[in-house]
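# how would this look folded up:
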Amino acid sequence: MELSSAEGGDQCTSKHIFERLPPIMFHHFHSDTQPAYASGSITAAELDLIIVRVGRANVLDADVYIQRRADGTLLPHQTCITFDDGLQCQYKVALPVLQRHNIKAAWHIYTCVYEEKSPEQLEVYKYFQAQCFPNVDEFYSAFFKAAEQAHGNRVREALASAAAASHS
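Presented below is the predicted three-dimensional model:
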């Protein structure tokens, strides 16, 4: 999608890929002084730029977005901001940006930690990858090398099967 802010930053003059601009979901953030530890992680300055480019008037508070969507008054260029998993980096990096723009977002809280089973370790794995490898490609290269050494042909067969399934 091509976005450009109109004078004053209040209008979104974009070529829409979608009939309606969907909510904008964010997950990982990092400070300007730290490297991104997850793919797609952005800084406060990048979040600020997204808000400016979309146009503050087009970024509705989450409750307003939900109400307008429900009652049919949501305009195609209006959106809201949502956050997935309630991560600490969202509160430390993104929340101050939202407060400067006076935006109320929707925060989706990760509830697996409250279940009786063991919590998901995905965030731990992402942190490990970022601390121990210069990039995600090198992590996966080392991972698959170790997996093939431990499990041989089963790894190659599983990867081939997954690739075939994704193309059907």
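# Tell me where the protein has strands.
Ranges of strands within the chain are 24-26, 81-85, 106-109, based on DSSP state E.
# TSV for these, including mean pLDDT, distance to Val59 and mean neighbour count?
C-beta coordinates here come from the backbone N, C-alpha and C atoms, glycine included. Shown next, in TSV, are those (pLDDT from 0 to 100; distance: least, C-beta to C-beta, whole Å; neighbours: other C-beta atoms under 10 Å):
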stretch	mean pLDDT	distance to Val59	mean neighbour count
strand 24-26	93	8	17
strand 81-85	91	6	19
strand 106-109	89	12	14
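# Relative to Arg69, which of these is closest?
Nearest to Arg69, of all the strands of the chain, is strand 106-109, at 12.0 Å by C-beta to C-beta.
# Now tell me what touches that closest one from outside.
23, 62, 80-86, 90 (C-beta atoms under 8 Å, 6 or more residues apart in numbering).
# buried set for the helix or strand of the chain with the lowest mean pLDDT?
Lowest by mean pLDDT, DSSP states H and E among the helices and strands of the chain is helix 122-132, with a mean of 75. Going by neighbour count (16 or more other C-beta atoms under 10 Å), the buried part of helix 122-132 is 123, 126, 129-130.
# and of those, the nearest to Ser31?
Set against Ser31, the nearest of the buried residues of helix 122-132 by C-beta to C-beta is Ala130 (13.5 Å).
# surely the closest one meets His30?
No: counting by C-beta atoms under 8 Å, Ala130 stays clear of His30, with 9.3 Å between them.
# Many thanks, we can stop here.
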